[in-house]
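Colleague: Take a look and give me a structure for this.
(chains A and B)
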Amino acid sequence: MKLRILLADDHEIVRRGLCSLLQKHEGWEICGEASDGREALEMAKRLKPDVVIIDIGMPSLNGLDTTRQLMQHDPQFKVIVLTITDSDQVIREALDAGARGFVLKSDAARDLVSAVEALQSKRMFFTPRVNDLVLAGFLDKGHIVARNEAPSLPTLTVREREITQLLAEGKSSKEVATLLNLSTKTVETHRSNIMRKLSLHSIRDLVVYAIKNNIIQIQMPAQMHSPAETPVA
Amino acid sequence: MQQRRNENSMAVRILLVDDHPIVRQGLRTLLQGRGDWEVVGEASDGMEAVEKVESLQPDVVVLDVTMPRMNGLEACRLIQQKHKNAGLEVLFVTQHDSPQMMREALDAGARGYVVKSNAARDLLEAVESVSQHRVFTALARSPQASG
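Modeller: Numbers count the residues shown, from 1 in each chain, chains lettered A, B, ... in the order given. Reported below is the predicted structural model:
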């Protein structure tokens, strides 16, 4: 029986590359492709893939929140997170969200097959930078995550995080309500709660918060390039 | 040294330049459907692109903007300086969905500009156009080709 893989990335060109890479492997098949987190959730629940490969920086619902929701729905899901950055915060959030694999997009051509093989064998796979962090965590404190650094995101509920992303992407309360099948009044109540919890005073503050906490990602100008910040697409 | 095509019957020789191998793979997959096009090489930054243009003599360079060591705009300017009358064309495929960046790219000497999020939609038409020395520019919602 073939190993069924679901791909989620908002750029078709990247999905083409990933498909081409993974389909060379005998015994694997791409059972579906999603272009945002919301579509990935729906497809994962319907198709029940063996492995889900999720880009972090997707519109509508980012990859970390998609992973959180998938794991809440069924902890048996095996998720590999694809990311453009290996910052400590993103690594910690990916591990907390329940990802069993963590691969840098820039290394995907080299590492992704190994990552899928690892998950297929019920092991985990992390890019070397993550392995270092995990090892350092064990040596230092006996924990993977520095728990004394309280993550800023878990103060929000899953629904509040979804709404935070959509508002930060520029959607109005009415548009968010339509997208999430809620009333505008309910969205506005969530919005007030989010602002209060995070001590924010404007949408501008909310956008800054969303960027700082990897809920949305921004495009870097060409002259400001550094390898760790290069969006893949 | 390889040779650029000089007759219509010869394949269009394409160099792919992007710092992410998986994106290059995606571009290659899109282009390989055309029997009259040939991907002759790949480069992962602007500096390598300039070198490979020298050695591979492609007809079309598909170039990313944001790359390490040397960005695509700088590479495009250098390539155009060195190969001004050689018939070589540069097509940008980039994440930057902005008229300003498109203007900079065209000012640098590019003949085409495509946004990565729409590459699957626009790339083939763009390569077709620029390989015939026609301008092709497409921001996210507005593909446009002109002679």
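Colleague: Nearest residue to the middle of chain A?
Modeller: Central residue of chain A (C-alpha atoms, centre = their mean): residue A:63, 2.1 Å from the mean position.
Colleague: I figured that residue hits residue A:80, correct?
Modeller: No. Applying C-beta atoms under 8 Å as the test, residue A:63 and residue A:80 come out as separate, 10.1 Å apart. Placement of C-beta: from N, CA and C, glycine included.
Colleague: any common contacting residues for these two?
Modeller: residue A:54 (C-beta atoms under 8 Å, 6 or more residues apart in numbering or on different chains).
Colleague: Residue B:62 and residue B:24, how far apart?
Modeller: 9 Å (C-beta to C-beta, to the nearest Å).
Colleague: I misspoke; the intended subject was residue B:76.
Modeller: For residue B:76, the distance to residue B:24 - C-beta to C-beta - is 17 Å.
Colleague: Tell me which stretches of the chain form strands.
Modeller: The chain I'm using is chain A. A:3-8, A:28-34, A:51-55, A:79-83, A:101-104, A:125-126 (DSSP state E).
Colleague: Please refer instead to chain B.
Modeller: B:12-17, B:37-43, B:60-63, B:89-94, B:112-115, B:135-139, B:142-146.
Colleague: Could you list the contact residues of chain B toward chain A?
Modeller: Residues of chain B lying near chain A by C-beta under 8 Å from any C-beta of the partner chain: B:19-30, B:65-68, B:71-73, B:93, B:95-96, B:101, B:116-117, B:119-120, B:123.
Colleague: Which residues are in contact with the residue nearest to the centre of chain A?
Modeller: Residue A:63 is in contact with A:8, A:37, A:54, A:55, A:56, A:57, A:81, A:82, A:83, counting by C-beta under 8 Å, 6+ apart.
Colleague: And for the fourth one, the neighbour number?
Modeller: Residue crowding around residue A:55 was assessed by other C-beta atoms under 10 Å in any protein chain shown; the count is 29.
Colleague: got the contact list for the residue lying closest to it once chain neighbours are set aside?
Modeller: Take residue A:55 and drop its neighbours on the chain: the residue closest to it by C-beta to C-beta, 6 or more residues apart in numbering or on different chains is residue A:9, 4.1 Å away. Residue A:9 sits next to A:15, A:18, A:35, A:53, A:54, A:55, A:58, A:82 when contact means C-beta under 8 Å, 6+ apart.
Colleague: what do you get if the cut-off is 7 Å, keeping everything else the same?
Modeller: A:15, A:18, A:55, A:82 (C-beta atoms under 7 Å, 6 or more residues apart in numbering or on different chains).
Colleague: so the first one touches residue A:5, yeah?
Modeller: No. In this structure, residue A:15 sits apart from residue A:5 without contact. The criterion is C-beta atoms under 7 Å, and the distance is 11.4 Å.
Colleague: Have a look at those two and say which one is more surrounded.
Modeller: Taking other C-beta under 10 Å, residue A:15 and residue A:5 do not tie; residue A:5 has more neighbours (26 against 23).
Colleague: any idea how chain A splits into domains?
Modeller: A:3-141, A:153-212 (automatic domain parsing).
Colleague: Find out how far the longest one is from the centre of the chain, if you would.
Modeller: I take that to be domain A:3-141. 8 Å (C-alpha atoms, centre = their mean, to the nearest Å).
Colleague: tell me the mean pLDDT over that domain?
Modeller: Averaged over domain A:3-141, pLDDT sits at 89.
Colleague: Spatially, and excluding backbone neighbours, which residue is closest to residue A:186.
Modeller: That would be residue A:177: by C-beta to C-beta, 6+ apart, it lies 7.0 Å from residue A:186.
Colleague: now chain B, which segments are flagged as low pLDDT?
Modeller: B:1-9, B:141-147 (pLDDT under 70).
Colleague: residue boundaries of the helices in it?
Modeller: B:21-31, B:46-56, B:72-82, B:99-107, B:119-131 (DSSP state H).
Colleague: Quick one: those helices as a markdown table, columns for mean neighbour count too.
Modeller: As requested, the helices of chain B are exported to a markdown table (neighbours: other C-beta atoms under 10 Å in any protein chain shown):
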| stretch | mean neighbour count |
| --- | --- |
| helix B:21-31 | 23 |
| helix B:46-56 | 19 |
| helix B:72-82 | 21 |
| helix B:99-107 | 16 |
| helix B:119-131 | 21 |
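Colleague: Between those helices, which one is closest to residue A:201.
Modeller: For the helices of chain B, proximity to residue A:201 was assessed by C-beta to C-beta; helix B:99-107 is nearest, at 30.8 Å.
Colleague: ok, residues contacting the closest one?
Modeller: By C-beta under 7 Å, 6+ apart, helix B:99-107 touches B:65, B:73, B:92, B:94, B:113, B:137, B:139.
Colleague: Can you name the residues that contact the fifth one?
Modeller: Which is residue B:113. B:92, B:102, B:105, B:106, B:137, B:138.
Colleague: center of chain B, which residue is that?
Modeller: residue B:62 (2.1 Å).
Colleague: picking up where we left off before, and the residue nearest to residue A:186, what does it touch?
Modeller: A:183, A:184, A:187 are the contacts of residue A:177 under C-beta under 7 Å, 6+ apart.
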